[in-house]
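Participant: 3D, please:
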Amino acid sequence: MNTPSHAILNLVVFSQQMRNQASHAIFLGAILPDVPIFVFYFLMKFVYRLPSHQIWSEVYYQPFWQAIISTFHSIPLALIGVIIAHVLNWQVIEVGFISMVLHSLLDLPVHNNDAHRHFFPFSDYRFISPISYWDRNHYGGIVAFVEISLVLMASIYLFPTMRSYWSKGLLLAVNLFYWGAYFRFYLIKKIFNLL
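Facilitator: This next block holds a predicted model:
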């Protein structure tokens, strides 16, 4: 699932009161699991100047990077964080860890050959889903449509509750980008294939 989708969908899961008190923690918990992937890509593309194909087909699967990415997508480690934060009465941090768990649970059903080790370090098991959020060989077009539709519905629900023009603008921007990208990558290519 795309990172902005995690942030928007995770915000919907929490109550309005929780969003008012801990929206930053929900947002950070929703995007934190993907941060190592962004750092990895930035380093490989702009520091080491590797081609994208090599980055995603070779370097991404090296044990060092997989361990870091798996750590941030680990459901058991995030649950340990939830428990520790709860015991210490760190409510905002607890919400952040819960948001990380939600991120991983939303990723589970939409990753095929790029599946994360969601039970790391206790298990190297990867759930290889028959569907993918991006890969056309695994229904990527359909899954992308479902994802952006859910994000649109969540955005419509969240929009009136957003307190700043900045957050409202971000919701609009994400949705415009998603629908524009979907139209460009899936619908236009389908139309040209029919011609």
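Participant: show the pLDDT at Phe185.
Facilitator: Note on Phe185: pLDDT of 78.
Participant: SS state for it?
Facilitator: helix (DSSP: H, G, I helix; E, B strand; the rest coil).
Participant: what of Tyr133?
Facilitator: Put simply, Tyr133 is coil when judged by three-state DSSP.
Participant: over to Pro76?
Facilitator: When classified by three-state DSSP, Pro76 comes out as helix.
Participant: got phi/psi on the closest residue to it other than its chain neighbours?
Facilitator: Using Cβ to Cβ, 6 or more residues apart in numbering and skipping the chain neighbours, the partner closest in space to Pro76 is Phe122 (5.6 Å). (Each C-beta comes from the backbone N, C-alpha and C, glycine too.) In terms of degrees, to the nearest 10, the main-chain angles of Phe122 are phi -80, psi -20.
Participant: how near is Phe122 to Pro160?
Facilitator: From Phe122 across to Pro160, the span is 42 Å (Cβ to Cβ, to the nearest Å).
Participant: more crowded one of the two?
Facilitator: With neighbours defined as other Cβ atoms under 10 Å, Phe122 and Pro160 compare such that Phe122 has more, 11 against 7.
Participant: what about that one, distance to Gly169?
Facilitator: Taking Cβ to Cβ, one finds Phe122 at 41 Å from Gly169.
Participant: do Trp179 as well
Facilitator: 16 Å.
Participant: okay, these two: which has more neighbours?
Facilitator: Neighbour tally, Trp179 and Gly169, criterion other Cβ under 10 Å: the higher count belongs to Trp179, 15 against 11.
Participant: assess the claim that the more buried one and Ser149 are in contact.
Facilitator: No: taking contacts as Cβ atoms under 8 Å, Trp179 lies outside contact range of Ser149: 9.7 Å.
Participant: report all helices and strands that the helix or strand hosting Val101 contacts.
Facilitator: Using DSSP states H and E, Val101 sits in helix 91-107. Counting contacts by 3 or more Cβ pairs under 8 Å, 6 or more residues apart in numbering; DSSP states H and E, helix 91-107 packs against helix 3-13, helix 16-31, helix 75-87.
Participant: nearest to Phe183, out of the ones you listed?
Facilitator: Of all the helices and strands packed on helix 91-107, the one in closest proximity to Phe183, counting by Cβ to Cβ, is helix 3-13 (17.1 Å).
Participant: buried ones in the closest one, by neighbour count?
Facilitator: Across helix 3-13, burial judged by 16 or more other Cβ atoms under 10 Å covers 3-12.
Participant: measure how that helix sits relative to helix 91-107, angle-wise.
Facilitator: 120 degrees (axes from the mean of the first three to the mean of the last three Cα atoms, to 10 degrees).
Participant: other SSEs contacting helix 3-13?
Facilitator: helix 16-31, helix 91-107, helix 140-158, helix 165-182.
Participant: report all helices and strands that the longest one contacts.
Facilitator: If I follow you right, that is helix 140-158. The contact analysis (3+ Cβ pairs under 8 Å, 6+ apart) places helix 140-158 against helix 3-13, helix 165-182.
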